[in-house]
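Visitor: Need a 3D model of the following:
(2 chains)
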Amino acid sequence: MPDSMKSSFRRVAWISRITFLEAIRQRFFAFLIVLSAALVISSVSFRFMDFGHGELKFVADFGFGGIFFFGSILALVMTAQMFFAEIENRTALTLLAKPVGRFEFLVGKFAGVWAVLGVFIFTLCTLLGLVLWGRHQELVQIAEASGRVPPDLSVGGIFAYTLLQWLRLGVIAAMVLAVSSVARSFLFAVVVGAMTVLAGQLQWIAQEALLRDKELGVLHQAFLWLITRLIPNLQQFNIGDALTLDVTSVQVGAIGAASLSGGVYIIVLMCIAGLAFRRREI
Amino acid sequence: MLRALTVVGVALALFVAGCFAENSWRLVRTSIPEMGRKEIEPTLGQGVLLGILGGLRTVIADGTWLRSYVAWEKRDRAACEGLMRTACALDPRARYFWENTGYVVGYDMAHWEIRRRGGYAKVSQEIQDGLFKSYAQKGLAVFEEGAKHTGGNPGILISAGQMCEIKLKDNKLAALYYKRATEATNVPWFAYFLCAKSLWEDGQKTEAYSWYRKQWLEKLKGVGDSSPDDLEHLRYMEAELNLPLLQRIPRQTWEK
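Guide: Just a heads-up that it's a prediction; the model follows:
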C-alpha cells in the first residue's frame, strides 16, 4: 500500500475515532438506546395484546419495530448533528486547513457515526436475541409437555438481521451526509433526510401498487420506474421476522444480495456527498 | 457543461445502485407479505403508515384490529370492514384476522343491515334471505383471499365451507372447500368427515362414500388409532347404501 494511502487511512481513522467518541457520549444516544432497550424488554409483557400470531412473532416484531424506528431517528439526527457541529463551531475550517482532504473528512465522519450506529444495533439485537431465546426455551418446554410442535427460532437469523439493519442505517447516514453536504442548516438536512428515508421505505409500495396499475400512461409509468430506481429501496433490509422465525421463506442469496446492494448504495451516496462537499463554501 | 455532466453522473451512479437493489429486492420480496393498496389507503392517516414503513407491523395490525371492535360494537359496517381489512393487509399471513373478518362480514353484517332497514318484522323474508346470501358471498370472498395469503390454511377453508353450508345452503360448494382443506398438510381430523357429510347431504351419496373410503384407506387408517370414528361413519354409509358385504371395507381386528 502506498504511503499516501496509508496516511490517508490514518487521517480518516483519526476523524472517525473523534466522531465516535463525541457521538457515543451524547445524551441523545444514551436516551434512545435506553428507550429502545426498554421497548425490547417490555415486548414480552405486551404479548397479551396479540391476536392470532405466534408469540415469538409478536415479540420479535415489537423489538424489530423499536430498533427500526429509533435506529432511523438516531441515524438521521446524529449524522446531521455531527456534520453541522463541525461547520457551526468552525472546527471544520481548522481541520480542513491541515492536510486533510474534504472527502477524507466526510468518510471519517461517516465511519464514526456508523460505528456508533453499530453499537446501537448490536446492543439492542443482542438484547432482543436474549429475550427471544429465553421465551423460546419456555415455549419449547410448554410445547413438549402438551405434545405440540415447538416454534422455530434462528439465532443466526437474528445476527443476519443485525447486519442488514446496520447496513440500512449506514445507507441512511450516507444519505443524510449527502443532503448535509449541500444543506445550509441542520434542520433542513434532518427534514429532507427524513423525507428521503420515508420515500425509501415506501418506494416498494409505489413499485408494486402503482407500476402494476394498467390505467397509468406509458410516460407516467416510465417516470415512476425511473424514480423507483433512483430512490434507495430501504425495505429490502426489513426481513427480520422471516430471518428469525421462518428462515426457510428467505431465498438463498437474499442476504448477500441485500448486503451488496447496501454496500453499493453507501459507496454511491458517499461519492455524491464528496462531490457536493468539494464545492461547498465553509 | 461540467455541472451537467456531474448531475448525469450522479443520476447514473444512483441508477446503477438501484439496479443492484432491484436484484436484491427480487430475492427478498418473497419474505415480505403482499400488501394491497386498496385495503390500506382508507386508513393510512390513522397510524397505519408506521406499520407499512417496516417495523411494528404486527403490533399495528393488532391495534387496528382492536379499533375494528369499537366499530363492530357500534355496528358501523364501513368502518368495521375497513379496519378489519386493514389488519388483514398489514399482516396477511395471520389466519386469525382473515377468519374473523370473514365471520363478521358473512354472519354479522346481514343482521346489522336488516336492523338498519327497520328490523326483522319490517323486512320481508325474501329480502332477508337475499341479504344473508349476499353478505355470505362477501364473507366467502374474504375467506378466499385469506386462503390465498396463508397458503391454503385449512382453518380458513373449513370456515368457508361452514359458511356455504349455513348461510348459502350450498352443500356442493361446502364440500369443495372441505376437500381443499383435506389437501393441506396440517388438516384437522374432522375435515374429512365434514367433506363426506356435505357430499352426502348434497345427494352425491355414492361419491361421498367412495371419496371418504379412499381417504380412510390411504390416509386416516395409518394415523394414530386408525380413526375409528371415521370408520364408524363409513359403516353407516355402507348400511345406508346397502352395499354388498364384499364391496364394504373389510372388518378390522380392533373394530367393535
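
Visitor: what number of residues lie near the closest residue to chain A within chain B?
Guide: Nearest residue of chain B to chain A (CB to the nearest CB) works out as residue B:96 at 2.2 Å. For the C-beta atoms, the positions are set from N, CA and C on the backbone; glycine is no exception. When neighbours are counted by other CB atoms under 10 Å in any protein chain shown, residue B:96 registers 20.

Visitor: cool, residue A:73 as well?
Guide: For residue A:73, the neighbour count with other CB under 10 Å is 18.

Visitor: So it versus chain B, what's the distance?
Guide: Per CB to the nearest CB, to the nearest Å, residue A:73 is found 12 Å from chain B.

Visitor: Find the nearest non-adjacent residue to whatever residue of chain A ends up closest to chain B, please.
Guide: Here chain A gets closest to chain B at one residue, residue A:52, 2.2 Å apart by CB to the nearest CB. Nearest residue to residue A:52, sequence neighbours excluded (CB to CB, 6 or more residues apart in numbering or on different chains): residue B:96, at 2.2 Å.

Visitor: ok, that neighbour - contacts?
Guide: Contact analysis of residue B:96 by CB atoms under 8 Å, 6 or more residues apart in numbering or on different chains lists A:51, A:52, A:53.

Visitor: Next up, phi/psi of residue B:252, please.
Guide: Dihedral pair for residue B:252: phi -90, psi 150, per degrees, to the nearest 10.

Visitor: I figured it hits residue B:225, correct?
Guide: No: Residue B:252 is beyond contact range of residue B:225, at 10.9 Å (criterion: CB atoms under 8 Å).

Visitor: Beyond the helix or strand bottoming out on mean pLDDT in chain A, next helix or strand please.
Guide: Across the helices and strands of chain A, mean confidence by mean pLDDT, DSSP states H and E is lowest for helix A:218-230: a mean of 80. For helix A:218-230, the succeeding helix or strand toward the C-terminus, using DSSP states H and E, is helix A:240-245.

Visitor: Now do that following helix, average pLDDT.
Guide: Per-residue pLDDT values across helix A:240-245 average out to 84.

Visitor: Does chain B have contacts with the next helix or strand after that helix?
Guide: Going down the chain from helix A:240-245, the next helix or strand is helix A:254-278, by DSSP H and E. Yes: using CB under 8 Å from any CB of the partner chain, helix A:254-278 reaches chain B at A:254, A:257, A:258, A:260, A:261, A:264, A:265, A:268, A:271, A:272, A:275.

Visitor: just to revisit the earlier point, of residue B:252 and residue B:225, which one has the most company?
Guide: residue B:252 (11 against 7).

Visitor: how close does the more buried one get to residue B:9?
Guide: Residue B:252 is 79 Å from residue B:9, where distance means CB to CB, to the nearest Å.

Visitor: tilt between the helix or strand hosting residue A:84 and helix A:254-278?
Guide: Assigned by DSSP H and E, residue A:84 belongs to helix A:55-88. With axes from the mean of the first three to the mean of the last three CA atoms, to 10 degrees as the basis, helix A:55-88 and helix A:254-278 are set at 20 degrees to each other.

Visitor: State the distance from residue B:192 to residue A:171.
Guide: From residue B:192 across to residue A:171, the span is 52 Å (CB to CB).

Visitor: Residue 191 sits in which helix or strand?
Guide: By default, I'm working from chain A. helix A:186-205.

Visitor: wait, I meant chain B there
Guide: Residue B:191 is part of helix B:190-201, with elements assigned from DSSP H and E.

Visitor: The next helix or strand after that helix relative to helix B:190-201, how many degrees between them?
Guide: Per DSSP H and E, the first helix or strand lying C-terminal to helix B:190-201 is helix B:205-218. If you take the same axes, to 10 degrees, helix B:205-218 sits at 160 degrees to helix B:190-201.

Visitor: Remind me what whatever helix or strand comes next after helix B:205-218 packs against, helices and strands.
Guide: Helices and strands here follow DSSP H and E; after helix B:205-218, the next one along the chain is helix B:228-241. Judged by 3 or more CB pairs under 8 Å, 6 or more residues apart in numbering or on different chains; DSSP states H and E, the packing partners of helix B:228-241 are helix B:190-201, helix B:205-218.

Visitor: Name the residues that touch helix B:228-241?
Guide: B:189, B:192-193, B:196, B:200, B:205-206, B:208-209, B:212-213, B:215-216, B:220, B:248-249, B:252, B:254-255.

Visitor: now the stretch 1-150 of chain B, which segments are flagged as low pLDDT?
Guide: Where the stretch 1-150 of chain B drops to pLDDT under 70, the residues are B:34-55.

Visitor: oh sorry, the question was meant for chain A
Guide: A:1, A:209-214.

Visitor: tell me which parts of the stretch 101-250 of chain A are close to chain B?
Guide: Checking the stretch 101-250 of chain A against chain B by CB under 8 Å from any CB, the hits are A:198, A:201-202, A:204-205, A:207-210, A:226, A:228-236, A:238-243, A:246, A:249-250.

Visitor: at 6 Å what do you get?
Guide: Within the stretch 101-250 of chain A, the positions adjacent to chain B are A:201, A:209, A:229, A:230, A:233, A:236, A:238, A:239, A:242, A:249, A:250 by CB under 6 Å from any CB of the partner chain.

Visitor: Skip the chain neighbours and tell me the closest residue to residue A:59.
Guide: Leaving aside its sequence neighbours, residue A:59 sits nearest to residue A:43 (CB to CB, 6+ apart; 4.7 Å).

Visitor: Pretty sure that neighbour sits against residue A:63.
Guide: Yes: between residue A:43 and residue A:63 there is a contact at 5.1 Å, judged by CB atoms under 6 Å.

Visitor: Looking at these two, which one has more neighbours?
Guide: More neighbours surround residue A:63 than the other of residue A:43 and residue A:63, with 31 against 23 (other CB under 10 Å).

Visitor: So what touches stretch B:112-125?
Guide: With CB atoms under 6 Å, 6 or more residues apart in numbering or on different chains as the test, stretch B:112-125 has contacts from B:75, B:77, B:128, B:131.

Visitor: Would you convert those residues into CSV that also reports distance to chain A, secondary structure and neighbour count?
Guide: CSV is the format used below for the contacts of stretch B:112-125 (distance: CB to the nearest CB, whole Å; DSSP: H, G, I helix; E, B strand; the rest coil; neighbours: other CB atoms under 10 Å in any protein chain shown):
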residue, distance to chain A, secondary structure, neighbour count
B:75, 21, coil, 15
B:77, 21, helix, 18
B:128, 31, helix, 16
B:131, 28, helix, 18
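
Visitor: Could you list the contact residues of the stretch 1-150 of chain B toward chain A?
Guide: The stretch 1-150 of chain B comes close to chain A at residues B:10, B:13-15, B:17-18, B:20-21, B:23-25, B:27-28, B:30-31, B:37, B:53-56, B:58-59, B:62, B:65, B:94, B:96, as judged by CB under 6 Å from any CB.

Visitor: circling back: between the residues of the stretch 101-250 of chain A next to chain B, which sits nearest residue B:138?
Guide: Using CB to CB, residue A:209 comes nearest to residue B:138 of these, at 23.0 Å.

Visitor: In ChimeraX, how would I select just the buried ones from the contacts of helix B:228-241?
Guide: Per 16 or more other CB atoms under 10 Å in any protein chain shown, the buried members of the contacts of helix B:228-241 correspond to this ChimeraX selection:
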select /B:192,193,196,200,208,209,212,213,215,216,220,248,249
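
Visitor: So which of the contacts of helix B:228-241 reach chain A?
Guide: Taking CB under 6 Å from any CB as the test, chain A is in contact with none of those.

Visitor: In the chain, where's the longest helix?
Guide: Because you didn't say which chain, this covers chain A. Secondary structure of chain A per DSSP state H: the longest helix is helix A:102-146.

Visitor: hm, I was asking about chain B
Guide: Assigned via DSSP H, chain B shows its longest helix as helix B:2-28.

Visitor: mind checking how far it is from the chain centre?
Guide: Distance, stretch centre to chain centre, for helix B:2-28: 41 Å (CA atoms, centre = their mean, to the nearest Å).
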